[in-house]
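Participant: 3D, please:
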Amino acid sequence: MRRVDAGGAEAVSLRELAGELGVSRAAPYRHFADREALLAAVAARGFETLIASYETALRSPGDGLAKLRALNAAFFEFATRRPGLYQLMFASEFLRGDRPPAMLAPLAGTAYRLLWEAVGGAYPGESEAQVKARTVIMVSTAHGFLDLERAGRFKPFMYEPLSRSDLVDAVMRAAIGEGVPPEPDAPPT
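Facilitator: Just a heads-up that it's a prediction; the model follows:
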């Protein structure tokens, strides 16, 4: 996982991994059929970590909206702290197509289900269709921001005097339907 965190999936080689671990070049193949199987296992561990963060957020104090904020904060924390793993989990080919790796699909589904439940808990009066629409909007907003940020598309003139924390807060608020936060010294509405 350290290699993925540091350099993304491209940084992972079974041959180099074997050398790093001081085992024969054939040793990793006793556990993984190929590099893709190893990467799928790493992505699965990432989803397990994300699910644990989501479950912690859902047990946090407060109402449904507070829990959804905590879940979003956990997601942004994970994606920021583990960018290579985030990319492997959400931008790789693993979850595309009809046959994702057997170990990965249930975990990705669980992560999404927890997210969907958090949105439903924040907006209990809404229909299933409305909750699903909010969830897709939230996911699209969060991933879009992270992808643009990772690509270096946000230039200082675009966000100053806001900090990254301010930007993440604004994106999360917009993603869950709370809108843009007020000016720091503006009176509450």
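
Participant: so what's residue 66 closest to, chain neighbours aside?
Facilitator: Residue nearest to residue 66 in three dimensions, not counting chain neighbours: residue 60, with 6.9 Å by CB to CB, 6 or more residues apart in numbering. Yep, even glycine has a C-beta here, placed from its N, CA and C like the rest.

Participant: report how many residues lie close to the one you found.
Facilitator: Around residue 60 there are 13 other residues, counting by other CB atoms under 10 Å.

Participant: swap in the one 10 residues further on?
Facilitator: Taking other CB under 10 Å as the neighbour definition, residue 70 ends up with a count of 20.

Participant: that one: what's it in contact with?
Facilitator: 57-58, 60, 62 (CB atoms under 8 Å, 6 or more residues apart in numbering).

Participant: who wins on neighbours among those?
Facilitator: Going by other CB under 10 Å, residue 57 tops these with 22 neighbours.

Participant: now that residue: how far from residue 39?
Facilitator: Separation of residue 57 from residue 39 (CB to CB, to the nearest Å) stands at 27 Å.

Participant: kindly report the same for residue 122.
Facilitator: Taken as CB to CB, the span from residue 122 to residue 39 is 34 Å.

Participant: low pLDDT regions in the protein?
Facilitator: Within the chain, the segments meeting pLDDT under 70 span 1-33, 97, 179-189.

Participant: try it again with 90
Facilitator: By pLDDT under 90, the low-scoring segments of the chain are 1-43, 83-85, 87-89, 91-105, 165, 169, 172-189.

Participant: which stretches of it form helices?
Facilitator: 2-7, 14-21, 35-58, 64-81, 83-91, 105-122, 128-150, 156-159, 164-175 (DSSP state H).

Participant: export those to CSV and tack on distance to residue 98?
Facilitator: Shown next, in CSV, are those (distance: least, CB to CB, whole Å):
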stretch, distance to residue 98
helix 2-7, 25
helix 14-21, 26
helix 35-58, 16
helix 64-81, 26
helix 83-91, 18
helix 105-122, 10
helix 128-150, 20
helix 156-159, 39
helix 164-175, 29
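
Participant: comparing those helices, which comes out most buried?
Facilitator: helix 83-91 (a mean of 21; mean count of other CB atoms under 10 Å).

Participant: residues near residue 98, how many?
Facilitator: 4.

Participant: how many neighbours does residue 102 have?
Facilitator: So residue 102, with other CB under 10 Å, has 9 neighbours.

Participant: mind checking how far it is from residue 37?
Facilitator: Residue 102 is 11 Å from residue 37, where distance means CB to CB.

Participant: quick one: contacts for residue 155?
Facilitator: So residue 155 contacts nothing (CB under 8 Å, 6+ apart).

Participant: same deal with residue 115?
Facilitator: Counting by CB under 8 Å, 6+ apart, residue 115 has contacts 54, 71, 75, 135, 138-139.

Participant: ok, residue 47 next?
Facilitator: For residue 47, the contact set (CB under 8 Å, 6+ apart) comprises 89, 104, 107-108, 110-111.
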